[in-house]
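> Please work out how this folds:
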Amino acid sequence: CKPVQVLAANDTSTAGASSKSSSNSSSSSSYFFHDREREREALKDHCSSQPTAISVILGPRSAGKTALLKDYMRDRDLTDSRCFIDARVTPISTPSDLAPVLLQSAIPELARRLLPDVQALSDLATQLTPALSTVQDRLKLPFGIEVTVNAKAIAPILQGLAGNTEQAPPLAKVTAAYVALLDAWYEASASGKLSDASPPVLVLDEANKLMNWGDQYRTERQDLLSFFVAISKEQCRSHVVLATSEYVFQNWLTEEIGASFFDIFVVGDFPEPEARAFLDKCLQKSVEPEVSDKDWKTVHQVCGGNPGALKRAAGFYHTLRGWEAALTQLTKDVWLTMKPGRLPAPDAGYTATDYATAVKDILDSDHNAVEDVGLAEKLGKQSLDAMVQANLLALRPYSSWAADIDDAAFGPDQCFTVVTAPTTLHLYLMKRHRSMLLKPLDTQQVPAQANPDSSTPPSRSSSPTSDALKAVADEIRGAQGKIEDVERQMQQVSSKISAIREAKGEGWQDELAYWQQKEHQLAEKERQLRDDKKLLQEKQLLLMKREE
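Now for the predicted structure:
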């Protein structure tokens with residue numbers, strides 16, 4: 001079997017790994033971990049509890065998701081079974097790519113708690129070979145543990161580890177072996193043979209690579225996702241953590257398995273104090289002085305608290321010898337990625353006007369984040385999804401792990417998903433080049449027509465109050481129109497819910513939960529629109545009294 005690059009619990013052999021788990025590591029390697037105390041503890045607590053669903057970890061690019069997960073993997077105080085697969089360095093473009101990765105990482109790491117070392121797995125191959133014709137066998141493991149394993153499923157895997165096969169077994173056999181070892185794990189745990197009964201943790205970073213498994217791998221893709229669901233949500237035996245920066249992954253996963261089978265956790269950017277400390281740490285590694293108060297204000301305006309942006313800014317500062325040059329270089333690359341928003345391809349699925357509308361709504365909102373349902377109604381869901389897939393926009397659900405977007409942006413019960421800029425650099429450039437990005441909206445303006453009848457005397461100019469009354473009346477009509485639109489949508493959703501309850505087809509409970517959530521969001525939106533309309537009517541009354 002071909003060697004693969006993975007990181008198992010307490011492993012320090014991976015390139016770039018620190019020699020000891022510590023937030024203040026002084027390792028000379030490129031890897032270092034900064035702060036994240038809250039997220040670290042939340043991740044530990046989550047992974048030590050009973051699994052209830054697949055865990056999806058989202059966040060802006062370069063926000064530190066991988067660093068957080070690797071820090072968790074290196075924590076020597078934890079003794080559970082942990083396996084981290086980094087799809088950046090280990091290709092998983094096809095099922096045949098993933099099979100050896102699981103074979104040489106997840107399987108041995110899971111068995112580590114049952115056997116003294118990985119080599120013992122190889123030694124067991126000859127013991128299990130005669131049992132291939134049986135389905136269940138009793139197997140005596142070291143430390144006096146006797147468990148039941150599916151010998152037929154696991155024997156080919158052990159032979160692969162022993163080097164007795166030219167190629168790794170198919171992915172289905174590898175996942176079957178993982179399940180067999182889970183059975184052994186929990187039998188040993190139930191008998192009190194394990195010192196730590198914390199559930200195993202399987203982490204796949206850059207999980208969005210699974211989206212590239214095309215129709216030719218549809219069966220394998222569905223089988224793999226069913227395997228993830230089975231061991232996490234249905235059997236509650238192993239955590240499955242899928243990490244990605246691609247916000248469209250949550251839409252893809254919803255279509256594949258349904259929203260109720262996974263939970264989303266967001267790793268956001270640093271708050272400002274931690275961001276400045278992180279930048280100083282990056283500068284220190286380059287033997288540069290700490291950033292001044294004046295320079296920090298400029299750097300934070302551009303980079304926000306994004307660790308990747310701050311780290312690159314520090315690198316450019318070291319090579320270009322100045323913050324202005326460093327930040328200019330940093331924003332150049334990001335500005336190029338925004339070009340498809342201004343000049344979309346014919347088959348992009350969105351228009352330049354769509355992107356300009358989204359940018360305007362984001363910049364005009366209180367928290368630079370707008371509710372996804374409202375924007376989808378304005379642009380169309382297909383257009384919104386296309387811009388998210390192109391990484392021009394980001395879909396952010398609420399998460400207690402993240403504090404870089406105000407809780408108020410997610411609605412009164414934090415139940416909204418919001419649309420925002422993909423990174424703080426994108427948001428900075430949206431603000432800086434607002435007029436250029438909103439230019440497509442200028443063509444939507446209808447110019448006022450001159451009066452063709454020159455003999456008609458000009459009308460008396462209206463007073464400022466009259467103009468304000470007309471504007472408020474237009475706003476009230478607009479608000480009423482939006483309310484009626486929402487009411488129509490609520491009727492459609494209500495009919496959909498009734499039909500689902502009546503049919504009760506396959507997966508109806510998940511579908512019902514999805515539409516009930518939409519119903520709740522629409523009800524909340526209707527309430528907000530009615531409140532807005534009421535305020536406008538009160539304003540109208542005050543203006544009418546002033547006019548009198």
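> so where do the strands sit in the protein?
For the chain, the strands defined by DSSP state E cover 6-8, 54-58, 82-86, 137-141, 145-149, 201-205, 239-243, 262-266, 370-371, 394-396, 418-420.
> Distance to Lys533 and mean pLDDT added to those strands, as CSV?
C-beta here means a position set from N, CA and C on the backbone, and glycine is covered the same way. Formatted as CSV, the strands of the chain follow (distance: least, CB to CB, whole Å; pLDDT from 0 to 100):
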stretch, distance to Lys533, mean pLDDT
strand 6-8, 56, 42
strand 54-58, 35, 94
strand 82-86, 52, 85
strand 137-141, 70, 46
strand 145-149, 66, 48
strand 201-205, 47, 92
strand 239-243, 43, 94
strand 262-266, 33, 93
strand 370-371, 18, 94
strand 394-396, 28, 93
strand 418-420, 23, 95
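> Can you check which of those gets nearest to Ala277?
strand 262-266 (21.5 Å; CB to CB).
> Which elements pack onto that closest one?
With contacts defined as 3 or more CB pairs under 8 Å, 6 or more residues apart in numbering; DSSP states H and E, the packing partners of strand 262-266 are strand 54-58.
> Enumerate every residue touching the residue positioned nearest the centre of the chain.
Closest residue to the average C-alpha location of the chain: Leu58 at 2.0 Å, with CA atoms, centre = their mean. Taking CB atoms under 8 Å, 6 or more residues apart in numbering, we find Leu58 in contact with 65, 243-245, 247, 249-250, 264-267, 396-397, 399.
> any idea which of these has the most stuff around it?
Arg396 (28 neighbours; other CB atoms under 10 Å).
> So it sits against Ile264, correct?
No. Arg396 is beyond contact range of Ile264, at 9.4 Å (criterion: CB atoms under 8 Å).
> Now for Trp213: which residues touch it?
Ser93, Thr94, Pro95, Glu220, Arg221.
> Quick check: Ser498 vs Asp413, distance?
24 Å (CB to CB, to the nearest Å).
> Quick check: Thr417 touching Leu393?
No. Counting by CB under 8 Å, Thr417 sits too far from Leu393 to count as a contact (11.8 Å).
> more neighbours, the two?
Leu393 (29 against 19).
> Tell me the confidence at that one?
In this model, Leu393 is scored at 96, pLDDT.
> Return the residue spatially closest to it, with its sequence-adjacent residues excluded.
In space, and not counting its chain neighbours, Leu393 is closest to Met387: 4.6 Å by CB to CB, 6 or more residues apart in numbering.
> swap in Asp406?
Spatial nearest neighbour of Asp406, excluding adjacent residues (CB to CB, 6+ apart): His367 at 4.7 Å.
> low pLDDT regions in the stretch 401-548 of the chain?
Where the stretch 401-548 of the chain drops to pLDDT under 70, the residues are 443-467, 506, 546-548.
> coming back round to it: quick check: the residue nearest to Leu393 vs Leu395, distance?
Using CB to CB, Met387 is found at 10 Å from Leu395.
> From the neighbour counts alone, determine which of these two ranks first.
Neighbour count, other CB under 10 Å: between Met387 and Leu395, Met387 has more, with 27 against 21.
> got a list of what that one touches?
Counted by CB under 8 Å, 6+ apart, Met387 has contacts Gly341, Tyr350, Asp354, Tyr355, Ala358, Leu393.
> mind running it again at 7 Å?
Neighbouring residues of Met387 by CB atoms under 7 Å, 6 or more residues apart in numbering: Tyr350, Asp354, Tyr355, Ala358, Leu393.
> Apart from its neighbours in sequence, what residue is nearest Pro289?
Leu283 is the one closest to Pro289 (CB to CB, 6+ apart), at 6.9 Å.
> wait, doesn't that neighbour sit right on Glu290?
Yes. Look at Leu283 against Glu290 with CB atoms under 7 Å: they come within range, at 6.4 Å.
> So if I had to pick from the two, which one is more boxed in?
Legend: neighbour count by other CB under 10 Å for Leu283 and Glu290, higher for Leu283 (19 against 13).
> Can you check the pLDDT for the more buried one?
So, for Leu283, pLDDT stands at 89.
> from the contacts of Met387, which ones fall inside helices?
Counting by DSSP state H, the part of the contacts of Met387 found in helices is Asp354, Tyr355, Ala358.
> I'd like the distance from the residue nearest to the centre of the chain to Asn208, if you could.
For Leu58, the distance to Asn208 - CB to CB - is 10 Å.
> ditto for Met338
Distance from Met338 to Asn208, counting by CB to CB: 20 Å.
> What degree of burial does Asp347 show, as a neighbour count?
6.
> do the same with the one 5 residues further on
Applying other CB under 10 Å, we find 18 other residues in the vicinity of Ala352.
> Surely it and Pro344 touch.
Yes. Using CB under 7 Å, Ala352 is in contact with Pro344, at 6.0 Å.
> Chain neighbours aside, what residue packs nearest to Gly308?
Closest to Gly308 by CB to CB, 6+ apart is Ser62, at 2.0 Å.
> start to end distance for stretch 262-274?
Start and end residues of stretch 262-274 are separated by 30 Å (CA to CA, to the nearest Å).
> And the ones in helices among the contacts of Met387, which is closest to Phe228?
Nearest to Phe228 among the ones in helices among the contacts of Met387 is Ala358, at 32.5 Å by CB to CB.
> could you measure the closest one against Val266, distance?
20 Å.
> What about the closest residue to His46 other than its chain neighbours, how many residues nearby?
With sequence-adjacent residues excluded and distances taken as CB to CB, 6+ apart, His46 is closest to Ser55, at 6.9 Å. Around Ser55 there are 21 other residues, counting by other CB under 10 Å.
> so what's Ser55 up against?
Neighbours of Ser55 in contact, by CB under 7 Å, 6+ apart: His46, His239, Val240, Val241, Asp263, Phe265.
> what's the answer for Ser494, then?
Residues Glu519 are the ones in contact with Ser494 under the rule CB under 7 Å, 6+ apart.
> Likewise for Glu538?
For Glu538, the contact set (CB under 7 Å, 6+ apart) is empty.
> do the same with Thr298
Trp323, Leu327.
> Tell me how far the closest residue to Thr244 other than its chain neighbours lies from Asn306.
Setting aside the residues directly before and after it, Thr244 is nearest to Asn208 in space (CB to CB, 6+ apart), at 4.3 Å. Distance of Asn208 to Asn306, given as CB to CB: 19 Å.
> Please say which of those two ends up with more neighbours.
More crowded of Asn208 and Asn306, by other CB under 10 Å: Asn306, with 26 against 19.
> Surely that one and Gly64 touch.
No. At 8.7 Å, Asn306 does not count as touching Gly64 under the criterion of CB under 7 Å.
> ok, Ala479 - how many residues close by?
With other CB under 10 Å as criterion, Ala479 counts 19.
> give me every residue that touches the closest residue in space to it that isn't next to it in sequence.
In this structure, Ala479 finds its nearest non-sequential neighbour in Lys533, 4.2 Å apart by CB to CB, 6+ apart. When contacts are counted by CB under 7 Å, 6+ apart, Lys533 touches Ile476, Ala479, Gln480, Ile483.
> who's in contact with the third one?
So that's Gln480. Here Gln480 is in contact with Lys533 (criterion: CB under 7 Å, 6+ apart).
> Done for today, thanks.
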